[in-house]
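let me see the structure of the following:
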Amino acid sequence: MNKNSPVIFLLTCIVSLVSCPVSAQEVIEQPPAEKDSFAEESVDEISRKLENPLTTLWSLTFQENYSIIKGDAIEGSEWGNNLFFQPALPVPVGKNHDKVLIIRPVFPWVRSAIYDPAAPGGVIGSDTGLGDIQTFVMIGPNASRGKVWGIGATFKFDTASSDALGQGKNQAGPAAMFLNIGKNWTTGVVVQHWWSYAGDEDRADTSQTDLQYIMRRALPGGWSIGMGPTVTFDWKAPSGEKVTFPIGLGITKTVKWGGTPIKMRLEPQYSIIKPDHLGTAWNIRLQFTPVIKSPFMK
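This next block holds a predicted model:
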């Protein structure tokens with residue numbers, strides 16, 4: 001397959017999503033009625049909005065995931081690291097801008113052990129570098145409270161700098177979300193599924209589902225507590241090795257620093273179900289999300 005096929009596939013899906021609700025000319029000629037949230041909204045309101053993947057706020061998320069890996073394939077434990085940068089730059093679309101379109105890439109910098117079951121201890125070294133880049137494309141109603149939903153597509157691209165840091169496949173599939181955003185509680189799910197369609201023929205085909213479940217309780221002063229772990233299903237793995245199910249409890253604080261809202265989160269997670277062969281036992285998540293000025297704000 002041509003090396004540009006993943007990019008062509010992504011652009012085709014984006015054009016298909018955008019062309020239904022609105023033309024590009026309508027977006028330019030009808031500026032949205034979005035207020036300057038930085039000046040007029042409290043940190044509590046900004047924090048609540050940022051729980052919604054389809055919020056109209058623009059943000060730059062830096063997320064550190066420090067993982068402890070355990071299993072029968074290795075002696076003791078190993079550690080892995082995934083630092084990613086995730087810009088979220090949503091665009092209001094549709095008649096009267098009643099919908100939101102978001103294209104949210106994820107650029108990962110990964111540290112992973114290199115495993116070999118024939119080696120003493122099961123580990124022969126480690127590697128660090130770029131992982132597989134992901135892109136999340138979704139559209140849904142422009143709403144900040146109540147029942148919020150969205151549908152779209154999700155992609156993974158074979159961009160890892162070494163075999164140990166990626167799956168060696170270009171992948172694509174559907175994505176959907178449903179949240180109930182209230183004054184005090186935000187609950188819901190975000191689901192993505194990928195099938196491999198191209199890539200290294202010597203690497204295994206993939207079929208994987210990520211389901212993030214969200215339960216957060218807002219507290220005064222821009223604080224919140226709760227969890228948002230991601231349950232993974234590897235449908236190609238052997239029976240009994242398919243599911244990783246973490247639980248967690250984290251704390252979030254949103255502040256305004258020099259007029260710029262910043263959301264910070266610490267959330268330890270423990271996998272109550274994981275593959276016996278090799279899987280993530282603990283994950284420590286640190287998140288730093290500055291909100292930036294959207295050109296669609298008045």
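
what stretches of the stretch 1-150 of the chain score poorly on pLDDT?
Low-confidence segments of the stretch 1-150 of the chain (pLDDT under 70): 1-40.

the same query, at a cut-off of 90, please.
1-51, 53-54, 56, 94-98, 116-121, 143-145 (pLDDT under 90).

can you map out the helices along it?
5-19, 24-29, 37-40, 43-50 (DSSP state H, counting those that start in this stretch).

for the residue nearest to Gln287 when sequence neighbours are not counted, give me its contacts.
In space, Gln287 comes closest to Arg265 once its chain neighbours are excluded; the distance is 4.0 Å by CB to CB, 6 or more residues apart in numbering. Just so you know, the C-beta spots here come from the backbone N, C-alpha and C atoms, and that holds for glycine as well. Contacts were defined as CB atoms under 8 Å, 6 or more residues apart in numbering; by that measure Arg265 touches 250-253, 285-287, 289.

cool, and Lys70?
Shown in contact with Lys70 (CB under 8 Å, 6+ apart): 76-78, 274, 278-279, 281.

out of these, which comes closest to Thr128?
Within the contacts of Lys70, proximity to Thr128 (CB to CB) peaks at Glu78, which comes in at 13.6 Å.

who is that closest one paired with across the strands?
Note on Glu78: beta-bridge partners by DSSP bridges are Ile69.

if we can go back for a sec, helix or strand for the residue nearest to Gln287, which one?
Arg265 belongs to strand 260-273 when assigned by DSSP states H and E.

partners of that strand, with directions?
Strand 260-273 is paired, per DSSP bridges, with strand 243-248 (antiparallel), strand 250-257 (antiparallel), strand 279-292 (antiparallel).

spatially nearest residue to Gln192 (excluding sequence neighbours)?
Per CB to CB, 6+ apart, closest to Gln192 is Thr154, 4.2 Å.

the one you found - how many residues pack around it?
Thr154 is flanked by 23 other residues according to other CB atoms under 10 Å.

which SSE is Gly173 in?
Assessed by DSSP H and E, Gly173 sits inside strand 169-181.

what comes up buried for stretch 114-132?
For stretch 114-132, burial by neighbour count (16 or more other CB atoms under 10 Å) applies to 115, 122-123, 131-132.

again with stretch 54-70
Buried residues in stretch 54-70 (16+ other CB under 10 Å): 54-59, 61, 63, 65-67, 69-70.

before we move on, what about stretch 133-145?
Residues of stretch 133-145 classed as buried: 133-140, 142-143 (neighbour count, 16+ other CB under 10 Å).

enumerate every residue touching the closest residue to Phe84 other than its chain neighbours.
Spatial nearest neighbour of Phe84, excluding adjacent residues (CB to CB, 6+ apart): Pro108 at 4.3 Å. By CB under 8 Å, 6+ apart, the contact set of Pro108 is 82-84, 130-134.
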